[in-house]
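1. Structure for the following, please:
(one chain, ligands or ions: 1)
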Amino acid sequence: MIEVKGLVKKYGSHTAVDHLNFRIEKGHIYGLLGPNGAGKSTTMNIMTGYLGATEGEVLIDGHDILKEPELAKKSVGYLPEMPPLYMEMKVEEYLMFAAELKKVARNSRKAEVKKIMKMVKIYDVRERLIKNLSKGYRQRVGLAQAVLGFPETIILDEPTVGLDPKQIIEIRELIRELAKDHTVILSSHILAEIREVCDYIIIISQGKLVASDTPENLERQFAGNEPVEIETRLLPERTEEILSGISGIQKVTYLSGDPGITKAVIETDEDTDIREEVFQAFAREDCSLISMYKKQHTLEDIFLRLTQEGGRPHAGNL
Ligand SMILES: Nc1ncnc2c1ncn2[C@@H]1O[C@H](COP(=O)(O)OP(=O)(O)OP(=O)(O)O)[C@@H](O)[C@H]1O
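-> Residues are numbered from 1 along each chain as shown. Next comes the predicted model:
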């Protein structure tokens with residue numbers, strides 16, 4: 001388990017991470033989501049001990065990453081945004097070197113490197129110089145380095161950035177494969193990417209936590225006061241008259257629709273579903289509705305709302 005408590009990182013007067021709190025439990029794939037500059041890399045660099053925090057702490061299985069780095073780092077493998085690969089080394093040579101640095105036991109090093117190379121499908125290029133590999137293959141070498149020692153948690157910073165669509169699919173498959181035996185945390189600024197692979201989403205904006213939950217719960221949490229859109233053949237004035245008899249309506253906006261059709265977007269109080277009342281009000285007046293539609297908030301809407309409007313602080317249920 002990883003606990004991030006009251007984390008603050010300042011670069012001069014700029015606060016990149018602003019009192020961040022969250023918990024990573026075993027066995028999930030977590031997505032750290034936020035627009036560019038939200039503080040994802042900074043957070044991951046602190047969580048893995050690459051960077052010191054200005055305030056707060058990160059505990060990995062109870063060990064403070066700064067006070068007990070050896071013990072804490074044992075449980076974490078990290079693929080930074082720019083993996084520290086040695087371009088002049090061959091793939092296997094580099095991984096043997098990385099295994100030594102990670103203190104993988106000498107007598108099991110070769111077997112472990114071989115196993116991981118097969119797992120991330122780089123065994124066939126083990127004798128190639130890293131500088132001659134494609135970006136996708138280099139990313140796999142970085143991933144192999146993160147998996148060395150089979151740490152409990154694997155942290156991946158923007159693992160698919162700069163890859164072509166085929167490579168992206170392959171890396172995602174690898175991540176899913178890794179997640180069978182490891183807790184995985186990956187960062188991205190692309191919601192579709194997080195949605196595709198993660199079962200938990202942590203959204204940060206301007207260094208602050210704005211939401212943390214499962215995708216389903218996030219959608220549910222923001223459901224309830226979506227606007228209802230109706231279409232009628234009545235004039236806007238008559239539509240307004242009928243709607244004025246319904247309580248709980250906050251605002252009605254009239255949009256231009258097809259000729260002869262009035263389109264109204266009805267906003268309501270939170271947790272109010274006025275669809276039946278609207279239907280009955282029109283029926284009582286012997287007027288018909290051509291359509292009625294309640295817009296569902298998608299994760300995209302939620303992400304944009306939370307990250308563009310400054311968001312609202314939310315403790316989440318992690
Ligand atoms: N070494 C540094 N010195 C000064 N400012 C920095 C430094 N590193 C990051 N920042 C600033 O801190 C903020 C957070 O950066 P960070 O790289 O953590 O964000 P991010 O969410 O990972 O973004 P991206 O997706 O673009 O990598 C940004 O405003 C960035 O400009």
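
2. Residue 192 and the ligand: what is the separation?
-> Noted for residue 192: a distance of 15 Å to the ligand, by CB to the nearest ligand atom, to the nearest Å. Quick note: C-beta positions are derived from backbone N, CA and C, even for glycine.

3. SS state for the residue lying closest to residue 52 once chain neighbours are set aside?
-> Spatial nearest neighbour of residue 52, excluding adjacent residues (CB to CB, 6 or more residues apart in numbering): residue 66 at 6.4 Å. With DSSP: H, G, I helix; E, B strand; the rest coil as the basis, residue 66 sits in coil.

4. Provide a list of residues in contact with residue 66.
-> Taking CB atoms under 8 Å, 6 or more residues apart in numbering, we find residue 66 in contact with 49, 52-53, 57-58.

5. Could you dump these into TSV and include pLDDT, distance to residue 72 and neighbour count?
-> Converted to TSV, those look like this (pLDDT from 0 to 100; distance: CB to CB, whole Å; neighbours: other CB atoms under 10 Å):
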residue	pLDDT	distance to residue 72	neighbour count
49	92	7	18
52	92	13	10
53	94	13	23
57	94	11	15
58	95	8	22
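
6. among those, which two are most distant?
-> Farthest pair in the contacts of residue 66 (CB to CB) is 49 and 57. Separation: 11.7 Å.

7. what is in contact with the two at once?
-> With CB under 8 Å, 6+ apart, residue 49 and residue 57 have common neighbours 65-66.

8. gap between the residue in the stretch 201-318 of the chain positioned nearest to the ligand and residue 27?
-> Using CB to the nearest ligand atom, the closest approach of the stretch 201-318 of the chain to the ligand is made by residue 207 at 6.9 Å. According to CB to CB, to the nearest Å, residue 207 and residue 27 sit 28 Å apart.

9. quick one: pLDDT of residue 97?
-> For residue 97, the pLDDT comes out at 95.

10. so who does it touch?
-> Residue 97 neighbours (CB under 8 Å, 6+ apart): 86, 89.

11. Can you tell me the element it falls in?
-> Per DSSP states H and E, residue 97 falls inside helix 91-101.

12. Same question for that helix: list its buried residues.
-> Along helix 91-101, these residues count as buried under the neighbour rule (16 or more other CB atoms under 10 Å): 91-96, 98-99.

13. same question, stretch 181-195
-> 182-189, 191, 193-195.

14. Including distance to residue 138, could those go into CSV?
-> Formatted as CSV, the buried residues of stretch 181-195 follow (distance: CB to CB, whole Å):
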residue, distance to residue 138
182, 21
183, 24
184, 20
185, 21
186, 17
187, 18
188, 19
189, 21
191, 26
193, 19
194, 23
195, 26
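
15. Out of these, list just those in strands.
-> 183-188 (DSSP state E).

16. Can you name the residues in contact with stretch 260-279?
-> 224-225, 227-236, 239, 243, 246, 248-257, 289-290, 292, 294.

17. Only alpha carbons, please: show that stretch as CSV.
-> Presented in CSV, the C-alpha positions along stretch 260-279 are these (Å, rounded to 0.1, in the frame of the first residue of the first chain):
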residue,chain,number,x,y,z
GLY,A,260,-41.4,25.3,-36.7
ILE,A,261,-39.8,23.4,-33.8
THR,A,262,-38.9,24.8,-30.4
LYS,A,263,-36.0,23.2,-28.6
ALA,A,264,-35.7,23.9,-24.9
VAL,A,265,-32.9,22.9,-22.6
ILE,A,266,-34.2,22.7,-19.0
GLU,A,267,-31.8,22.9,-16.1
THR,A,268,-33.1,21.7,-12.7
ASP,A,269,-32.2,21.7,-9.0
GLU,A,270,-29.7,19.0,-8.1
ASP,A,271,-31.2,15.5,-7.7
THR,A,272,-34.4,16.5,-9.5
ASP,A,273,-35.7,14.4,-12.3
ILE,A,274,-38.5,16.4,-14.0
ARG,A,275,-39.0,14.2,-17.0
GLU,A,276,-42.4,12.7,-15.9
GLU,A,277,-43.7,16.1,-14.8
VAL,A,278,-42.7,17.7,-18.1
PHE,A,279,-44.5,14.9,-19.9
